[in-house]
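**Student:** Sequence and predicted structure are below.
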Amino acid sequence: MTKRKGKPAIVVHGGAGRWHPDHSQAALDSVKKAAQVGYEILEGEGSALESVTEAVALLEDSGIFNAGAGSGLNIEKRLEMEASIMDGSTLAAGATALLNTVKNPVRLARLVMEKTDHVFLVGSGAAKLARMFQLETREPDVSAKLGQYEAQLKALRSGDFGLPKPKKLIETNSETFQLETVGAVASDAKGNVAAATSTGGYPLKLSGRIGDSPSIGCGTYADNQSGACSATGVGEIAIRLVLAKAVCDRMEAGKKAQEAVEEAIAIVKRRMSGIYNDMGLVAIDVNGSVGAAHCSPNLCWAYMNGELDEPAASLTAKLVK
């Protein structure tokens with residue numbers, strides 16, 4: 001059987017939500033740079049796995065998004081970062097969560113995948129693995145994030161305190177409560193796909209909460225028989241709908257990437273109506289076709305393939321109403 005040749009392409013995202021004009025250009029520049037870095041790896045016959053690793057690591061380091069250096073604080077004023085990665089050629093996957101000093105959670109997720117027999121490591125065990133392989137650390141600068149934390153807490157207290165289901169609160173304070181997860185999906189010249197996702201988590205989340213970003217099938221999924229997907233938005237919704245896998249299932253059934261993400265967002269709107277359900281999805285199918293859709297006000301994303309001279313970036317994709 002002849003192995004299918006791939007079309008190198010990458011899609012990255014900087015999160016669903018609402019982007020303020022004062023910050024949007026920096027975000028667009030960052031996702032374009034990440035797409036460029038990822039595509040240069042593919043163009044040099046590098047793997048889809050390496051491409052998404054480096055693209056997401058760049059976004060983690062930017063400090064612009066709620067991931068890596070830009071991660072927000074939980075309700076106890078602590079960082080609890082999380083990430084995952086998946087190789088579509090083998091279905092190998094790695095995930096990690098409850099991190100506070102690892103510089104690039106996506107790199108640790110890849111170590112979990114490649115250097116252990118496990119899929120998911122959290123907390124002190126994950127941090128120990130990071131030390132074993134001498135991953136770079138970053139001491140959390142909590143003081144720099146206290147202003148945002150206080151603004152979020154004030155907004156929360158002005159509504160129904162206790163995070164029951166703060167739909168109205170978050171909709172009316174959308175610039176305070178950002179869901180800027182970052183992620184990337186790619187296909188390489190050998191026909192392999194990969195996906196990676198990283199986040200600081202839901203603003204003011206309870207200590208110990210783990211969302212969809214490190215949950216394989218929910219925030220991240222990749223399979224050479226279908227494609228790859230990375231999700232952003234309300235993690236609990238992506239978990240309940242196993243959203244990234246739902247997109248890949250549709251691609252395996254013959255849908256192009258764009259059709260698959262639009263159908264999945266339509267499911268979010270139908271099955272999760274009446275609650276705060278902002279979600280965004282990016283995907284790539286096995287033919288290198290890309291897709292992006294959302295039901296949030298914005299989705300910061302970019303893509304690059306052989307038909308473009310430079311990455312294309314936007315704050316919107318297909319808005320599913």
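**Tutor:** Now that the structure is in, tell me what you want to look at.

**Student:** can you pull the contacts of Glu263?
**Tutor:** Contacts for Glu263 (CB atoms under 8 Å, 6 or more residues apart in numbering) come out as Arg250, Lys255. Using the backbone N, CA and C atoms, a C-beta is placed for each residue, glycine as well.

**Student:** any idea of the pLDDT on it?
**Tutor:** Predicted confidence (pLDDT) for Glu263: 98.

**Student:** Am I right that it sits in a strand?
**Tutor:** No - counting by DSSP: H, G, I helix; E, B strand; the rest coil, Glu263 is not part of a strand but helix.

**Student:** And it, how close does it get to Trp301?
**Tutor:** Using CB to CB, to the nearest Å, Glu263 is found at 18 Å from Trp301.

**Student:** Could you list the low-pLDDT ranges of the stretch 151-300 of the chain?
**Tutor:** For the stretch 151-300 of the chain, the stretches with pLDDT under 70 are 151-179.

**Student:** quick one, strands of it?
**Tutor:** Using DSSP state E, counting those that start in this stretch, the strands found in the stretch 151-300 of the chain span residues 182-187, 193-199, 220-223, 227-233, 279-285, 290-294, 298-305.

**Student:** Does anything pack onto the first one? Which helices or strands?
**Tutor:** Translated: strand 182-187. strand 9-17, helix 21-43, helix 48-62, strand 193-199, strand 227-233, strand 279-285 (3 or more CB pairs under 8 Å, 6 or more residues apart in numbering; DSSP states H and E).

**Student:** and the helix or strand following the third one, which strands flank it?
**Tutor:** On the C-terminal side of helix 48-62, the closest following helix or strand by DSSP states H and E is strand 81-87. Looking at strand 81-87 with DSSP bridges, its partner strands are strand 92-99 (antiparallel), strand 193-199 (antiparallel).

**Student:** any idea which of those is most buried?
**Tutor:** The highest average neighbour count among those, using mean count of other CB atoms under 10 Å, belongs to strand 193-199 at a mean of 34.

**Student:** and the angle for that strand with strand 182-187?
**Tutor:** Strand 193-199 and strand 182-187 are oriented at 180 degrees to each other (axes from the mean of the first three to the mean of the last three CA atoms, to 10 degrees).

**Student:** Can you get me a residue count around Arg78?
**Tutor:** 12 (other CB atoms under 10 Å).

**Student:** That one reaches Leu99, doesn't it?
**Tutor:** No - Arg78 sits out of contact with Leu99 when judged by CB atoms under 8 Å, with a separation of 10.7 Å.

**Student:** quick one: contacts of stretch 303-313?
**Tutor:** For stretch 303-313, the surrounding residues in contact (CB under 8 Å, 6+ apart) are 7-12, 28, 31-32, 35-36, 38-39, 282, 288, 290, 292, 300-302.

**Student:** For that stretch, which residues meet the burial criterion?
**Tutor:** Residues Tyr303, Met304, Asn305, Pro311, Ala313 are the ones in stretch 303-313 that count as buried (16 or more other CB atoms under 10 Å).

**Student:** How about stretch 129-137?
**Tutor:** Residues Leu129, Ala130, Leu135 are the ones in stretch 129-137 that count as buried (16+ other CB under 10 Å).

**Student:** is it true that Gly15 touches His294?
**Tutor:** No - using CB under 8 Å, Gly15 is not in contact with His294; the gap is 10.0 Å.

**Student:** Name the residues contacting each of the two.
**Tutor:** With CB under 8 Å, 6+ apart as the test, Gly15 and His294 both reach Gly280.

**Student:** Could I get the contacting residues of Ala186?
**Tutor:** 8-11, 38, 42, 48, 51-52, 55, 193-195, 228, 284.

**Student:** Leu58 too?
**Tutor:** By CB under 8 Å, 6+ apart, the contact list for Leu58 reads Ser30, Lys33, Ala34, Val37.

**Student:** Could you do Val268 as well?
**Tutor:** Ile237, Leu241, Leu243, Asn277, Met279, Cys295, Val320.

**Student:** run the last query once more with 10 Å
**Tutor:** 231, 233-234, 237-238, 240-241, 243, 246, 277-281, 293-295, 320 (CB atoms under 10 Å, 6 or more residues apart in numbering).

**Student:** which of these count as buried?
**Tutor:** The neighbour-count test (16+ other CB under 10 Å) marks 231, 233-234, 237-238, 241, 243, 246, 277-281, 293-295, 320 as buried among these.

**Student:** and stretch 117-133, which residues are buried?
**Tutor:** Residues of stretch 117-133 classed as buried: Val119, Phe120, Leu121, Val122, Ala126, Ala127, Leu129, Ala130 (neighbour count, 16+ other CB under 10 Å).

**Student:** Excluding its own residues, what touches that stretch? List them.
**Tutor:** The contact list for stretch 117-133 (CB under 10 Å, 6+ apart) reads 80, 82, 84, 86, 92-105, 107-109, 111-116, 135-137, 208, 210, 214-216.

**Student:** and with 8 Å instead?
**Tutor:** With contact meaning CB under 8 Å, 6+ apart, stretch 117-133 is reached by 93-99, 101-102, 108, 111-113, 115-116, 137, 210, 214, 216.
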